[in-house]
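**Q** Model the structure of this input:
(one chain, ligands or ions: 1)
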Amino acid sequence: MDIEKIGLIGCGAMGSALAKGIVKKVGVDPAQVYLYDLNRERVEELSLELNANGAESLEEVISQCRQIFIAVKPQDIESLLYSIKDYVQQGQIFASIAAGITINFIESCLPSFSKVIRLMPNTPCLLGEGTIAISAGDNVTAEERDDIEELLKSMGITIRIPEYLMDAATGLSGTGPAYVFLFIETMIDAGVAVGFRRDVASEMVIQNVIGSARMLQENSKKHPAELRNSVTSPAGTTTAAMHVLEESGFRSCLLKSVIAATNQAEKLRRG
Ligand SMILES: NC(=O)c1ccc[n+]([C@@H]2O[C@H](COP(=O)([O-])OP(=O)(O)OC[C@H]3O[C@@H](n4cnc5c(N)ncnc54)[C@H](OP(=O)(O)O)[C@@H]3O)[C@@H](O)[C@H]2O)c1
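**A** The predicted model follows:
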């Protein structure tokens, strides 16, 4: 095993975004990156694009690499872990993005010394603008966790959380883009309803969301209500709009949605 080498098992949507980020954004030498997927075409395509190593077998990845990302679907992880457990070496770190698969479960499938990190990314990670919740198992040192976080910066921001909050991270952040997409979709329809062409309404709404989010990001000490109040003049248009939103239960609807998604994540995990 070479401490510099990084393995990636599962080169689908998330796995390939991670591999591209690690090589193109973080600047890891592609010769140190080993890619593996059951789908050989995916490995060949990605390794060619990145100039990285396309591994022929799981054994090749596990024997070479110290940091190993697992990006297969949750239903495929158990058989994967059983097929690698005999090759696992002291000091290797396994970082899994499989939704709902606990650190405890992964540790129970691997030798007792195994170091496991659990991640919950969301789809904006595909553009390097995602949010990745991260929890580390007891065998992982702070330095090892920091090293993994450094590689993940290519996909967005990382937020350390205790593992019991992973279902909540799924409900708030993993599901998060869907709330925003629905909001945008509805606002575009509203734009059409008040007279804009759909493409014009779409451009306006998307930029509005990006701009408003950036205002909050750049005024991180300000509560969102402060920025909202600053565009609310007495007896003005915003007041009229807010009144309708409050009357229709906008806040309570969003709160309930996030709680429902969190509960569903817990149910799926237990199931
Ligand atoms: N996409 C998201 O928004 C999102 C968000 C949060 C978390 N995640 C998590 O990210 C993980 C990957 O999701 P994805 O959307 O990238 O999935 P994906 O596109 O289906 O990619 C998974 C890849 O892993 C391959 N694979 C399956 N078993 C394997 C094995 N034993 N060894 C090597 N490769 C294997 C699959 O090959 P085959 O197609 O041939 O089976 C496929 O190419 C999932 O666990 C998901 O829960 C995804």
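
**Q** Going along the chain, name the strands of this protein.
**A** Defined through DSSP state E, the strands belonging to the chain, from first to last, are 2-9, 33-36, 53-54, 65-70, 93-96, 115-120, 130-136, 156-160.

**Q** Reformat those as a markdown table; add mean pLDDT and mean neighbour count.
**A** To be clear about C-beta, it is placed using only N, CA and C from the backbone, and glycine gets the same treatment. Rendered in a markdown table, the data for the strands of the chain read as follows (pLDDT from 0 to 100; neighbours: other C-beta atoms under 10 Å):
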| stretch | mean pLDDT | mean neighbour count |
| --- | --- | --- |
| strand 2-9 | 89 | 20 |
| strand 33-36 | 97 | 25 |
| strand 53-54 | 96 | 20 |
| strand 65-70 | 96 | 24 |
| strand 93-96 | 96 | 26 |
| strand 115-120 | 96 | 26 |
| strand 130-136 | 96 | 22 |
| strand 156-160 | 96 | 15 |
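
**Q** can I get the ones you listed in CSV with distance to residue 217?
**A** Output for those, formatted as CSV (distance: least, C-beta to C-beta, whole Å):
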stretch, distance to residue 217
strand 2-9, 30
strand 33-36, 31
strand 53-54, 37
strand 65-70, 28
strand 93-96, 27
strand 115-120, 21
strand 130-136, 13
strand 156-160, 11
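
**Q** closest one to residue 169 among these?
**A** Between residue 169 and those, the shortest separation by C-beta to C-beta is 3.7 Å, and it involves strand 130-136.

**Q** Spell out which residues of the stretch 1-150 of the chain are next to the ligand.
**A** Contacts of the stretch 1-150 of the chain with the ligand, taken as C-beta under 6 Å from any ligand atom, map to 9-15, 36-39, 42, 71-74, 76, 80, 97-99, 121-123.

**Q** Let's see which of those end up in helices.
**A** Among these, the residues falling in helices (DSSP state H) are 13-15, 42, 74, 76, 80.

**Q** any low-confidence regions in the protein?
**A** Regions of the chain meeting the criterion pLDDT under 70 cover residues 1.

**Q** Give me the domain ranges for it.
**A** Following automatic domain parsing, one finds the domains of the chain at 2-166, 174-270.

**Q** OK, contacts around residue 129?
**A** If a contact means C-beta atoms under 8 Å, 6 or more residues apart in numbering, then residue 129 has residue 156 as its contacts.
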